[in-house]
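Trainee: could you look at this predicted model? Sequence included:
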Amino acid sequence: MTIHPSRTCNLLTVLPQPPWRQPLDWDLRMTWECEKRVFFPAYVKQQDTSNPSQRSLGSFPHFQRLPAELQVRILSCCPASTLWQLMRVSSTLRIESSKLFWASPSASFLLSADWLLGGGYAGRTHHDLSFLRHVQNVEIECHCLHDELWPEHKANDPFSSEDVRQDVVDIMWTTLRKTCPRIKSVVFNHQKIMSSIDLEGAGNVPECLKALIQACPRNIVAEVSTVEEREGRYWNNGTYSDFYNVECRRAYYRPLKGGGWEELVSKDKQDAVLVPGRRFRGIVGHFEKSYFLFRRRVLQERAFWPLVIEALDRYHFDDGRNNAFQCPNVDCGSVFTKPGEWTIHAATTKHGWAKVEDGLFDILPPELRAVFETKFNLIEAKQQTSEEESTKMSKDWNEEGEERRKEMEQEFLQQLENDADWATGEQAVDHQIWKNFIRVMHPEWNGL
């Protein structure tokens, strides 16, 4: 089984290459496209204080005796975790720490293009919208937006800037600025391999993103992140030839004032941080929280694959060990004699991959397998608690009689109608959450 070229590209950026200088990152989260994601609690978590660069200012008792300019200079060298703590506990340093934390170039906060183009309604997201009012760096996840910007475009016709749906472009920027009033920079993460066909006449950036960024407000820096072919691929009667042999790379582009695009060759990848979740109040919040936790758990489970790859490589070659080993795939005879060889092999071939429940940990030696199983069991225990709460709601709806069902229906619809936290500008009975609730409460619902 091979892996999609774009996922290989992303996975290789997630996997640490030897020499390994940090322990396994149990806070790692990963999408289906193999892109790294960071939960906000992990982003602001205090690191190992045995590392001098990670020690808090509490170990520097003379800090506040320093001149103000020097204090600011020292604060600017602090990691996000330290700045976040200072914002919460130090009245004298709160303002300056806050400025540095939100302006930090090391992270951007993730939003969805679909949510923004849909108006950015509170009732269509699990984000804490009060948090977004402080955010300065944003990453927008987007697939191809040609259909939204050129809905009447015909195949093989060129994309014309005169025909673009300017109202859709305006919605994107208006919603983004309303949601994140302090925004300073935005990266459009285009989640599709860009081939010569996609880019014909567009340079290195797809036309849909060119149209959006041309309308970017002057006080916002906009960039594009794409996955590109290294050597091209070939279109043959509607199918890709040698598709999985394509090599891809992650590229970043910024528009030039005089036109065209500049590739940011030395661009450092920012941490893509998930916006903290909202407060889940009332019956609607109780229902939606289970879905929110499910989506977060999926990201955590998918991250076990790169962690297993790294752990197996390090088991044989870390800390001075030099123990060659054979690929765990029974149909592969590859032998790895150097650190990192297995990591690249696994990322490009998918050898050894399986779902956790189908034996992903089986390729690990017993002592490592036990560690991974313990971690996974903790996740399962939390999931079981969430499922028990959801099951109780379903039982109340289906087994406690018609009167109880009417009470729940009235409570649910009234909250959707009156609670601004779930507003979408539509009637409660037309709300997608209500439709989801009715589907999930059906006694024969199977989770699909």
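Mentor: Received, thanks.
Trainee: which ones are touching residue 344?
Mentor: Taking CB atoms under 8 Å, 6 or more residues apart in numbering, we find residue 344 in contact with residue 12. From N, CA and C alone the C-beta is placed, and that goes for glycine too.
Trainee: so, low pLDDT: which residues of the stretch 201-350 of the chain?
Mentor: The model of the stretch 201-350 of the chain has pLDDT under 70 over residues 201-203, 230-246.
Trainee: where do the strands sit along it?
Mentor: With DSSP state E, counting those that start in this stretch, the ranges of strands along the stretch 201-350 of the chain come out as 221-229, 234-236, 239-241, 248-255, 261-263, 271-273, 325-326, 335-336.
Trainee: same check, this time on the stretch 51-200 of the chain
Mentor: Going by DSSP E, counting those that start in this stretch, the stretch 51-200 of the chain shows strands at 107-112, 137-142, 185-194.
Trainee: make TSV out of the ones you listed and add distance to residue 34.
Mentor: What follows is those, written out as TSV (distance: least, CB to CB, whole Å):
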stretch	distance to residue 34
strand 107-112	15
strand 137-142	14
strand 185-194	11
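Trainee: that older thread, buried deepest among the strands of the stretch 201-350 of the chain, which one?
Mentor: Mean neighbour counts were compared across the strands of the stretch 201-350 of the chain using mean count of other CB atoms under 10 Å; the top stretch is strand 221-229, at a mean of 21.
Trainee: can you redo the strands of the stretch 51-200 of the chain as TSV with mean neighbour count?
Mentor: Formatted as TSV, the strands of the stretch 51-200 of the chain follow (neighbours: other CB atoms under 10 Å):
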stretch	mean neighbour count
strand 107-112	21
strand 137-142	22
strand 185-194	21
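Trainee: the ones you listed into JSON lines, with extra columns for mean pLDDT and distance to residue 249?
Mentor: Converted to JSON lines, those look like this (pLDDT from 0 to 100; distance: least, CB to CB, whole Å):
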{"stretch": "strand 107-112", "mean pLDDT": "97", "distance to residue 249": "20"}
{"stretch": "strand 137-142", "mean pLDDT": "97", "distance to residue 249": "18"}
{"stretch": "strand 185-194", "mean pLDDT": "84", "distance to residue 249": "10"}
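Trainee: around residue 368, how many other residues sit close by?
Mentor: 17 (other CB atoms under 10 Å).
Trainee: so where's the stretch 51-200 of the chain shaky on pLDDT?
Mentor: Applying pLDDT under 70 to the stretch 51-200 of the chain flags the ranges 51-61, 155, 193-200.
Trainee: go again using 80 as the cut-off
Mentor: Within the stretch 51-200 of the chain, the stretches with pLDDT under 80 are 51-65, 68, 152-162, 191-200.
Trainee: all helices of it, in order?
Mentor: 68-75, 80-89, 94-103, 113-117, 129-132, 146-149, 166-179 (DSSP state H, counting those that start in this stretch).
Trainee: got CSV for those, with distance to residue 446 too?
Mentor: Shown next, in CSV, are the helices of the stretch 51-200 of the chain (distance: least, CB to CB, whole Å):
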stretch, distance to residue 446
helix 68-75, 53
helix 80-89, 42
helix 94-103, 44
helix 113-117, 26
helix 129-132, 33
helix 146-149, 31
helix 166-179, 35
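Trainee: in JSON lines, list those along with distance to residue 221 and mean neighbour count.
Mentor: JSON lines is the format used below for those (distance: least, CB to CB, whole Å; neighbours: other CB atoms under 10 Å):
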{"stretch": "helix 68-75", "distance to residue 221": "23", "mean neighbour count": "13"}
{"stretch": "helix 80-89", "distance to residue 221": "20", "mean neighbour count": "18"}
{"stretch": "helix 94-103", "distance to residue 221": "12", "mean neighbour count": "17"}
{"stretch": "helix 113-117", "distance to residue 221": "17", "mean neighbour count": "18"}
{"stretch": "helix 129-132", "distance to residue 221": "18", "mean neighbour count": "16"}
{"stretch": "helix 146-149", "distance to residue 221": "22", "mean neighbour count": "17"}
{"stretch": "helix 166-179", "distance to residue 221": "13", "mean neighbour count": "16"}
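Trainee: spit out the contact partners of residue 16.
Mentor: 22, 310.
Trainee: what residues sit buried inside the helix or strand hosting residue 394?
Mentor: Assigned by DSSP states H and E, residue 394 falls within helix 366-399. Residues 368-369, 372, 375-376, 383, 386, 390, 393, 397 are the ones in helix 366-399 that count as buried (16 or more other CB atoms under 10 Å).
Trainee: and it, how far out from the chain middle?
Mentor: Put simply, helix 366-399 sits 23 Å off its chain's centre (CA atoms, centre = their mean, to the nearest Å).
Trainee: quick check: next helix or strand after that helix?
Mentor: Next along from helix 366-399, by DSSP H and E: helix 401-418.
Trainee: and that next one, what's buried?
Mentor: Those would be 408-409, 412-413, 415-416, for helix 401-418 by 16+ other CB under 10 Å.
Trainee: now do that helix: everything it contacts.
Mentor: Under CB under 8 Å, 6+ apart, the answer for helix 401-418 is 123, 282-284, 287, 396-398, 422, 427-429, 431, 433-434, 437.
Trainee: want to throw the strands of the stretch 201-350 of the chain into JSON lines with distance to residue 91?
Mentor: Below are the strands of the stretch 201-350 of the chain laid out as JSON lines (distance: least, CB to CB, whole Å):
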{"stretch": "strand 221-229", "distance to residue 91": "32"}
{"stretch": "strand 234-236", "distance to residue 91": "62"}
{"stretch": "strand 239-241", "distance to residue 91": "60"}
{"stretch": "strand 248-255", "distance to residue 91": "39"}
{"stretch": "strand 261-263", "distance to residue 91": "43"}
{"stretch": "strand 271-273", "distance to residue 91": "26"}
{"stretch": "strand 325-326", "distance to residue 91": "56"}
{"stretch": "strand 335-336", "distance to residue 91": "55"}
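Trainee: and residue 355, which of the ones you listed is closest to it?
Mentor: For residue 355, the closest of those is strand 325-326, at 22.9 Å, according to CB to CB.
Trainee: that closest one: partners in the sheet, and parallel or antiparallel?
Mentor: With DSSP bridges as the test, strand 325-326 is paired with strand 335-336 (antiparallel).
Trainee: would you mind giving the domain segments of the protein?
Mentor: As assigned by automatic domain parsing, the chain contains the domains 29-103, 107-269, 282-441.
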